[in-house]
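A.B. asks: Turn this into a structure:
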Amino acid sequence: MGNIFTTGLFRQMLRSATPVALAAMGGLLTEHAGVMNIGMDGMILIGAFVAVAVSVVTGSAALGVLAAILVGVLVGAFFALFVVKFKSDEFIIGTALNIFAGGLTVFLLGALFGVRGTLRTQTGLPTVDLPLIDKIPFLGEVLSGNSLFIYLTVLIVLIMWTLVSRTPWGRWLRASGEHPGALRTAGVSPEGMRWQASLLCGAFCGLAGAQLALGNVSMFSEGMSNSRGYVAFACVIFGAANPGKAYLAALMFGFFDAIGLRLQDYVSSDLTGIIPYAITIIMMVYVVVNAQRRRRHAAQQQLSRRARS
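C.D. replies: So this is what the prediction gives:
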């Protein structure tokens, strides 16, 4: 058991957390816009397939990533068409999207490449060595030499925090979910903001799929998103749609996912595989219970003020 908490554990934590964090950055945009997007798992899966398929055909990981982002935007547009334009139930559309993505990728895997289960690529995302940091014992081994997008994700989190919290666009986005009538009166379309949020969410999920397939393993396998979209949604809720908090929640998932992988040497993989998802459920329960407690407290305070007046 002493071999569990090594540099490899924390490197795996970063690899596991990054696709979830990228998807969560998109999910928090739709959450602020008042749209519950549980279709992120399907978006990640499609992004992963497209990234590997294009990299196999072209021999370029960069083109694979670009294609995954573009297809993610298209899938986001499909989601927005039904949810924003036609006012369809977002839960049903998101669930249908996840099911459709699973079937579509299996079909395309056989139809285009004549394989089942797994498609491997010889190209992957580049790794980056961090000067000076790579000389620091332990910390350098964890932080240096990782996939490029592991570092870009930290930058994206900072950009997202600034965008959502410190710009007029971010205020419009939040208003589209909280006060759509007031936003429309101010001359900004709430529906337009929801469209933008959905398209950006698709792009982030496509990028998450590319990192999962090209940055983590250099292959696509059926169902490889493995409910990471749901975990990303849980991270958004747990982090109250705050980019920094959502990223920390993704790191928590990544840590327990890495723990589960390490424990496979000692415990059945069927048991260790549920560890990160069990933690996610506990996170969701905590958020719900805490929110209910705050609502009861606020209601009691309001009743007390009325009684005094």
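A.B. asks: Give me the pLDDT value at the nearest residue in space to residue 219 that is not next to it in sequence.
C.D. replies: Spatial nearest neighbour of residue 219, chain neighbours left out: residue 120 (4.4 Å); criterion: CB to CB, 6 or more residues apart in numbering. Every residue, glycine included, has its C-beta placed from N, CA and C. For residue 120, the model assigns a pLDDT of 96.
A.B. asks: where along the stretch 101-250 of the chain do the helices fall?
C.D. replies: Remark: helices assigned in the stretch 101-250 of the chain by DSSP state H, counting those that start in this stretch are 139-143, 148-166, 168-178, 180-185, 190-210, 228-238, 243-263.
A.B. asks: Compare those and give me the one nearest residue 18.
C.D. replies: If you check each of the helices of the stretch 101-250 of the chain against residue 18 by CB to CB, helix 148-166 wins as the nearest, at 5.1 Å.
A.B. asks: what about the closest one, average pLDDT?
C.D. replies: On average, the pLDDT along helix 148-166 is 96.
A.B. asks: Redo the helices of the stretch 101-250 of the chain as JSON lines? Include distance to residue 43 and mean neighbour count.
C.D. replies: Shown next, in JSON lines, are the helices of the stretch 101-250 of the chain (distance: least, CB to CB, whole Å; neighbours: other CB atoms under 10 Å):
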{"stretch": "helix 139-143", "distance to residue 43": "29", "mean neighbour count": "16"}
{"stretch": "helix 148-166", "distance to residue 43": "16", "mean neighbour count": "17"}
{"stretch": "helix 168-178", "distance to residue 43": "19", "mean neighbour count": "18"}
{"stretch": "helix 180-185", "distance to residue 43": "24", "mean neighbour count": "14"}
{"stretch": "helix 190-210", "distance to residue 43": "3", "mean neighbour count": "26"}
{"stretch": "helix 228-238", "distance to residue 43": "7", "mean neighbour count": "27"}
{"stretch": "helix 243-263", "distance to residue 43": "16", "mean neighbour count": "22"}
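A.B. asks: Out of these, flag the one nearest residue 296.
C.D. replies: Residue 296 sits nearest to helix 228-238 of all the helices of the stretch 101-250 of the chain, at 19.0 Å, using CB to CB.
A.B. asks: End to end on stretch 118-138, go ahead and measure it.
C.D. replies: 34 Å (CA to CA, to the nearest Å).
A.B. asks: what's next to it, contact-wise?
C.D. replies: By CB atoms under 8 Å, 6 or more residues apart in numbering, the list of residues contacting stretch 118-138 from outside reads 7, 52-53, 55-56, 59-61, 64-65, 109, 113, 139-141, 143-149, 151, 210-211, 214-215, 218-222.
A.B. asks: How far off centre is it?
C.D. replies: Distance of stretch 118-138 from the chain centroid (CA atoms, centre = their mean, to the nearest Å) equals 21 Å.
A.B. asks: Output the lowest mean pLDDT helix or strand found in this structure.
C.D. replies: helix 269-272 (a mean of 67; mean pLDDT, DSSP states H and E).
A.B. asks: between the helices of the stretch 101-250 of the chain, which one is nearest to residue 75?
C.D. replies: Between residue 75 and the helices of the stretch 101-250 of the chain, the shortest separation by CB to CB is 4.9 Å, and it involves helix 190-210.
A.B. asks: Now do the closest one against helix 168-178, angle only.
C.D. replies: Here helix 190-210 points in a direction 110 degrees away from that of helix 168-178 (axes from the mean of the first three to the mean of the last three CA atoms, to 10 degrees).
A.B. asks: quick revisit: please report how far the residue nearest to residue 219 lies from residue 237.
C.D. replies: Summarising the geometry, the distance separating residue 120 from residue 237, computed by CB to CB, to the nearest Å, is 35 Å.
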